[in-house]
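1. model the following, please.
(one chain, ligands or ions: 1)
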Amino acid sequence: MTQNSKDQSIFDVLETAAIEVKKRHLMTLFSEQPNRAHTYSLNVEPFFLDYSKQAINKNAFKALINFAKYKELEAKRDAMFQGEKINHTENRAVLHTALRDSSQITNSFPQTSLEIESTKTKMLNFVDAVTSQKHLGHTGKVITDVISIGIGGSFFGPKMLQSALIKHNNNQIKIHYLANIDGEQIVHLLDSLNPETCLVIVASKSWTTAETQLNAQSVLKWFNNTLPQKEAIKKHWVALTAKSKQAEEFGIQASMIFPMWDFVGGRYSVWSTIGLPLALSIGSKAFIQILEGAASIDKHFREAPLDKNMPVIMALLGYWQQEYFNLNNLMVLPYSHNLKSLPAYLQQLDMESNGKAVNSTGDEVKNSGPILWGAEGTNCQHSFMQLFHQGKQSSMIDFILPAKGHEQYQAQHKLMIANCLAQAQALLQGKTLTQATNELLATGLNQEQANDLAKHKTMPGNTSSNMLIIEEITPHSMGALLALYEHKVFCQGIFFDVNSFDQWGVELGKSLGKNLLDCMETSQTESLDPSTSNLLDYINKKSEQTY
Ligand code: F6P
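-> Numbering: from 1, shown residues only. Below is the predicted model:
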């Protein structure tokens, strides 16, 4: 068999499997396979993944595993862990995994491994010094507030994990995240704080992000109004960056600069010094537990066979639904208030990684990563879930549910569990016209009334979903959860044949934004397109300020 015919046969088998499984309602798959729930579920501590509500059968699952082998997933995974320059457009390695366990690269990159460990020690010693009130401000006051200035990967990770781990938050230190460039947030924040008791973190790997640079300048002005002494900045300002020289030129002293490396992408950087505000909030011990949780999933991803490998299975199911069921978006529904920011975090992780259009040889690819969105349950049920029960649109769905809830409110958590599992049940089972009609007749409606109303109460069901149970929200399980999705995204990048680790697509908006700002500052708008120029004219009229 030639390579081409071998390739084709892989896709023929997938296609045949898809046709076969589409012939049946998901409920039929369950009736045909009594042990389906057991067969298509996987327990990898601290997770239990039930993917039995996916439109797969034995042939489809086998074909998907063969597809992963055909894409040489294991070799490409190992190449990442070993520090090969898999980010080919930037000629960089991808080693965020080394931040959770640098022993992975001790032999191949001993110097880097040492730097990772020494930087981690420096950062956590600083955390301990601030949280133990050994590190005081310029006027000798205790640090009570931290302003963390950063956006994208320099914001989402710490922010999301801090709200997920609210139980571990240090009540003596309040962390304030300043990501967007909105004076409404800035004035409200700075009016409530005293520079003497504030630590200001500038989190920017590139040290060029316009929002972060402008916010840092504004906060510095505010800071200098109270503490004009040049010395003052030394005790209060910290930089998290790969550009230490630029941070020193800003005025931040070397001992307060915590380095980042090019082999850690922004959206993969919460494990790095970008995690400093998070560590200040939850403490160094809990931060280390987050790293350990991620390392446990790294080990699983590296060692488990493909058909028992959780990120691989999640990635294959996403590929399967996109390629063969034409689903282009993934809805992530954390049934946990503390995980409400998880969808926003995963949006950057997934969409900035796999929102690409060409492969390593520059050829256009067939598919890219999904549109990712979501919201906390049970709120989603009182909002957009109606559309997925009766509407004409579809979505891939990841339900995420902690098994343990708050010990004081067990009744709420029991209702949370019941609602989450019931949503997946309802999407799976639906309600037939007969069922709806009989229910209405039982309420006393006559046949004609029941027939009319029943049409509005039927639901097709047959909607797939994943159910991911997390034993409990802890630093360890949160590290594991983010690593699980990181590796899922990695696998999907291999399946879609895209580079998951560059982000050239964000450059155009940045450069056009800079150009537009220049036009606004000089009022030279002739070079602008008619739409933009017209909009700017209107805004200038309405805002009574000339932008
Ligand atoms: O959105 C583009 C991006 O470069 C992200 O990848 C990154 O996390 C964010 O901007 C912030 O970048 P920096 O940390 O360099 O300021």
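2. the ligand contacts on the protein?
-> When proximity is defined as CB under 6 Å from any ligand atom, the chain approaches the ligand at 151-154, 204-206, 209, 212, 266-267, 352, 503, 506. (C-beta placed from N, C-alpha, C; glycine too.)
3. just the buried ones from the residues you listed, in PyMOL syntax?
-> This is how PyMOL selects the buried members of those, with burial counted by 16 or more other CB atoms under 10 Å:
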select buried, resi 151+152+153+154+204+205+209+212+266+267+352+503
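4. of the residues of the chain next to the ligand, which belong to helices?
-> Per DSSP state H, helices hold the following members of the residues of the chain next to the ligand: 212, 352, 506.
5. of these, closest to the ligand?
-> Set against the ligand, the nearest of these by CB to the nearest ligand atom is V506 (4.1 Å).
6. excluding its backbone neighbours, what's nearest that closest one?
-> With CB to CB, 6 or more residues apart in numbering as the criterion, V506 has its nearest non-adjacent residue at 7.4 Å, and that residue is E352.
7. now the residues of the chain next to the ligand in TSV, with pLDDT and distance to I105?
-> Listed next are those as TSV, based on pLDDT from 0 to 100; distance: CB to CB, whole Å:
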residue	pLDDT	distance to I105
I151	98	29
G152	98	26
G153	98	21
S154	98	24
S204	98	25
K205	98	20
S206	97	23
T209	97	28
T212	98	29
G266	98	20
R267	98	21
E352	98	25
Q503	97	24
V506	96	28
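8. rebuild the residues of the chain next to the ligand as JSON lines, extending it with distance to L73.
-> Shown next, in JSON lines, are the residues of the chain next to the ligand (distance: CB to CB, whole Å):
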{"residue": "I151", "distance to L73": "32"}
{"residue": "G152", "distance to L73": "28"}
{"residue": "G153", "distance to L73": "25"}
{"residue": "S154", "distance to L73": "30"}
{"residue": "S204", "distance to L73": "33"}
{"residue": "K205", "distance to L73": "28"}
{"residue": "S206", "distance to L73": "31"}
{"residue": "T209", "distance to L73": "33"}
{"residue": "T212", "distance to L73": "36"}
{"residue": "G266", "distance to L73": "25"}
{"residue": "R267", "distance to L73": "21"}
{"residue": "E352", "distance to L73": "21"}
{"residue": "Q503", "distance to L73": "23"}
{"residue": "V506", "distance to L73": "27"}
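9. which non-adjacent residue is nearest A242?
-> Among residues not flanking A242 along the chain, M260 sits closest, at 4.4 Å (CB to CB, 6+ apart).
10. wait, that neighbour sits on L240?
-> Yes - at 6.4 Å, M260 and L240 qualify as touching, with contact defined as CB atoms under 8 Å.
11. of these two, which one has the most company?
-> L240 (28 against 25; other CB atoms under 10 Å).
12. buried sites along stretch 88-104?
-> By neighbour count on 16+ other CB under 10 Å, the buried set for stretch 88-104 is 90, 92-102, 104.
13. could I get the full set of strands for the stretch 251-400 of the chain?
-> Under the criterion DSSP state E, counting those that start in this stretch, the stretch 251-400 of the chain contains strands at 257-259, 329-334, 371-374, 396-402.
14. one more: the chain?
-> 41-44, 47-50, 145-149, 174-178, 198-203, 237-241, 257-259, 329-334, 371-374, 396-402, 466-470 (DSSP state E).
15. and the angle from the last one to strand 396-402?
-> In terms of direction (axes from the mean of the first three to the mean of the last three CA atoms, to 10 degrees), strand 466-470 departs from strand 396-402 by 20 degrees.
16. same thing with the fifth one?
-> The directions of strand 198-203 and strand 396-402 differ by 150 degrees, with the same axes, to 10 degrees as the criterion.
17. mean confidence for strand 198-203?
-> Computed over strand 198-203, the mean pLDDT rounds to 98.
18. what's the answer for the longest one, then?
-> The average pLDDT within strand 396-402 is 98.
19. quick one: the helices in the stretch 1-150 of the chain?
-> Secondary structure of the stretch 1-150 of the chain by DSSP state H, counting those that start in this stretch: the helices cover 3-22, 26-32, 36-39, 58-70, 73-81, 110-131.
20. kindly reformat the strands of the chain as a markdown table containing distance to L276.
-> Formatted as a markdown table, the strands of the chain follow (distance: least, CB to CB, whole Å):
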| stretch | distance to L276 |
| --- | --- |
| strand 41-44 | 30 |
| strand 47-50 | 28 |
| strand 145-149 | 8 |
| strand 174-178 | 10 |
| strand 198-203 | 6 |
| strand 237-241 | 6 |
| strand 257-259 | 6 |
| strand 329-334 | 25 |
| strand 371-374 | 27 |
| strand 396-402 | 26 |
| strand 466-470 | 25 |
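21. so which of these is nearest L227?
-> Taking CB to CB, strand 198-203 is the member of those nearest to L227, at 9.6 Å.
22. which intervals of the chain have sub-threshold pLDDT?
-> Confidence mapping of the chain against pLDDT under 70 gives the ranges 1-4, 6, 545-547.
23. and it, what are its domain boundaries?
-> Using automatic domain parsing, the domain ranges for the chain come out as 14-81+304-496, 99-284, 504-542.
24. could I get the ones you listed as TSV with distance to A294?
-> Formatted as TSV, those follow (distance: least, CB to CB, whole Å):
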stretch	distance to A294
domain 14-81+304-496	4
domain 99-284	4
domain 504-542	25
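25. out of these, which comes closest to E292?
-> domain 14-81+304-496 (6.0 Å).
26. which residues touch whichever residue of the stretch 201-350 of the chain sits closest to the ligand?
-> Closest contact between the stretch 201-350 of the chain and the ligand, by CB to the nearest ligand atom, is at G266 (2.4 Å). Contacts for G266 were tallied using CB atoms under 8 Å, 6 or more residues apart in numbering; they are 152-154, 205, 274, 503.
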